[in-house]
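J.: Okay, sequence plus prediction incoming.
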Amino acid sequence: MNLKAHLLLQIVLVATVCLMATAAYVLFQNNRQVKQEAAMTLDSIGKYLEIQLLRIDANLQDLRHFPDFELWKQTHAASGVCFRYVSANREATYGLCQGEDPSIKRWPVIFEKLYRRIFNSGIELTRTLSFKGQSYGTITVIPSAEIELARAWDGLTGLLGLSASTAIAVCLLVYLSIYRALHPVQVIVDNLEKMQTADSATVLPPFKLIEWQLIGAAINDFAATQKRLLSERKKLVLQLMLVQEEERRYLARELHDEFGQCLSAINALSSSIVQTAKTDCPQLVPETESIAKINRRVMETVRTLLMRLRPAELDELGLAASLDTMISEWNNQYAGQVYCQLIIEGDFQLLSGPLPITLYRIVQEGLTNIAKHSRATQVVVALILAGQAITLTIEDNGIMVVLPLAENKGIGLLGIRERVNGLGGQLDLAARKGGGLIVKVILPMQITSEI
């Protein structure tokens, strides 16, 4: 649940509680007012009849006309009240009801049942009429329960309508206020998502509320720090790559110049010894040929190490020729198990700096991972130079179905990711339909001007 819905729910709950409390108070006041009106009516009738008895005692009124309620009816309009007069000898009875008679009930049955159970409406009030110590009868006032219910229902519905309109207006105002106050949240979330890319310059705009200003300033500081750290990390990775390649180049040169010459000398000497031994000491020929055979094996191993350390073709013939040689040797090594197809589009002779060796190492690492983990039978390596971007795609039809990769697989992808990030590129992994992995690398051409 978001904050707007949560606050609106809280407002509705509080408004409901307040409405119930106010409704109970209104009903209580209505019942209390009805009882007060009944008591006032009873007192008024009693005083009115006492005045008549006073006039009879002063011979100003005939006792035969007692009680006379005509004047009282004209001067008092007690709505919803019935009263009854019974003489002391119970020979004379007089009753009168005033007010509206709600013949059509406008309230629900459940409301009537609850109101009658809680407030016990329609209770009779009785008073004895006496004058000079003599009792002349009793007066009973009976409030109309129906009129009391009608007044209570009208008051309650009026309150409900006012409260509902007020609650709706408050909810709308609160929602609009919260919506405007929380609008920066989406801006902050969008900018935080952009911060996931290494080259994004995330700067939050100024906000009106002080709280959002503090949050925005903290995020901007964090983004600036992250950008600086990422830039330093890229430079460090690039420098490590250059140092590593320079060290490999040095080792390759030393192996070629020193170790290679020694092996060539051994090979020449072993050939000379074989020729001499054939005439002077034939018993030494098998041992001498074994030495030559072992020497050739060592030379093949050294040649393989030289190719892995620093392929000579990369500096002499360029990236395209080096990749073609590497993939041809790879196909020969895994003949009958897997076949790799190379697609090259663009002139890669223009590449300089770390780009050629980086692309070569990525293809080398990708093919090594495929041979170890994928169980693929077909591989496609596509290298395309278009505009200011280089796109390298390595696709196989192996056993991988979904991403992410298992923790014990694809270890070389970490090295590929570091190389790509160091050059400001982008690495994407995708599952191939039908099984297999697609490794897509995009490197910018402008890296050549930065090195």
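T.: Perfect, I can see it now. Residues are numbered from 1 along each chain as shown.
J.: wait, is E91 part of a strand?
T.: No. Assessed with DSSP: H, G, I helix; E, B strand; the rest coil, E91 is coil; it does not lie in a strand.
J.: Near it, how many residues? Count them for me, please.
T.: E91 is flanked by 8 other residues according to other CB atoms under 10 Å. The way it works is simple: take the backbone N, C-alpha and C, and place the C-beta from them, glycine included.
J.: Give me the pLDDT for it.
T.: Per-residue pLDDT puts E91 at 72.
J.: what about it, distance to Y136?
T.: Look at E91 and Y136: by CB to CB, to the nearest Å, they are 12 Å apart.
J.: where in the stretch 301-450 of the chain is pLDDT low?
T.: Counting by pLDDT under 70, the stretch 301-450 of the chain shows low-confidence ranges at 312, 404-412, 446-450.
J.: just the helices in it please.
T.: With DSSP state H, counting those that start in this stretch, the ranges of helices along the stretch 301-450 of the chain come out as 312-316, 319-333, 355-369, 412-422, 447-450.
J.: Same check on the stretch 101-250 of the chain?
T.: 109-119, 145-181, 183-194, 210-254.
J.: Redo the ones you listed as TSV? Include mean pLDDT.
T.: Output for these, formatted as TSV (pLDDT from 0 to 100):
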stretch	mean pLDDT
helix 109-119	83
helix 145-181	83
helix 183-194	80
helix 210-254	79
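J.: Any chance of JSON lines for these, columns distance to V420?
T.: Listed next are these as JSON lines, based on distance: least, CB to CB, whole Å:
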{"stretch": "helix 109-119", "distance to V420": "73"}
{"stretch": "helix 145-181", "distance to V420": "42"}
{"stretch": "helix 183-194", "distance to V420": "19"}
{"stretch": "helix 210-254", "distance to V420": "10"}
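J.: Looking at the ones you listed, spot the one closest to Q52.
T.: Closest approach to Q52 among the helices of the stretch 101-250 of the chain (CB to CB): helix 145-181, 28.0 Å.
J.: and the closest one, what other elements does it pack with?
T.: Identification of packing neighbours for helix 145-181 by 3 or more CB pairs under 8 Å, 6 or more residues apart in numbering; DSSP states H and E yields helix 3-57, helix 109-119.
J.: Minimum distance to D68: which of the ones you listed has it?
T.: Proximity to D68 (CB to CB) singles out helix 3-57 among those, at 6.4 Å.
J.: tilt between that closest one and helix 183-194?
T.: 160 degrees (axes from the mean of the first three to the mean of the last three CA atoms, to 10 degrees).
J.: begin at 29 from here
T.: Got it, first residue is 29 now, which makes that one helix 31-85.
J.: mean confidence for helix 31-85?
T.: On average, helix 31-85 scores 84.
J.: Counting by contacts, list what that helix packs against.
T.: Using 3+ CB pairs under 8 Å, 6+ apart, the elements in contact with helix 31-85 are helix 98-103, strand 109-115, helix 137-147, strand 153-159, strand 162-171, helix 173-209.
J.: and L258, which of those is closest to it?
T.: Short answer: helix 173-209, nearest of the helices and strands packed on helix 31-85 by CB to CB, at 32.7 Å.
J.: could you give the angle of the closest one to helix 31-85?
T.: Using the same axes, to 10 degrees: helix 173-209 against helix 31-85 is 150 degrees.
J.: List the buried residues for helix 173-209?
T.: Going by neighbour count (16 or more other CB atoms under 10 Å), the buried part of helix 173-209 is 173-181, 183-184, 187, 191, 195, 199, 206, 209.
J.: re earlier: between the helices and strands packed on helix 31-85, which gets nearest to A251?
T.: Per CB to CB, nearest to A251 of these: helix 173-209, 23.0 Å.
J.: just how off-centre is the closest one within its chain?
T.: 34 Å (CA atoms, centre = their mean, to the nearest Å).
J.: and what of stretch 345-358?
T.: The answer for stretch 345-358 is 48 Å, by CA atoms, centre = their mean.
J.: Just the buried residues of that stretch, please?
T.: Applying 16+ other CB under 10 Å to stretch 345-358 flags G346, L347, A348, A349, S350, L351, T353, M354, I355, W358 as buried.
J.: cool, stretch 209-228 as well?
T.: Across stretch 209-228, burial judged by 16+ other CB under 10 Å covers A209, P212, I216, N219, M223.
J.: Tell me the spacing between the closest residue to G450 other than its chain neighbours and R445.
T.: In space, and not counting its chain neighbours, G450 is closest to V265: 3.3 Å by CB to CB, 6 or more residues apart in numbering. Distance, V265 to R445, using CB to CB: 10 Å.
J.: Equivalent analysis for R155, please.
T.: 99 Å.
J.: if we can go back for a sec, closest to L31 out of the helices of the stretch 129-278 of the chain?
T.: Closest to L31 of the helices of the stretch 129-278 of the chain is helix 173-209 (CB to CB; 6.8 Å).
J.: most packed of the helices of the stretch 329-478 of the chain?
T.: helix 383-397 (a mean of 21; mean count of other CB atoms under 10 Å).
J.: So which elements touch that one?
T.: Right, helix 383-397 is packed against helix 340-344, helix 347-361, strand 406-414, strand 417-424, helix 440-450, strand 465-472 by 3+ CB pairs under 8 Å, 6+ apart.
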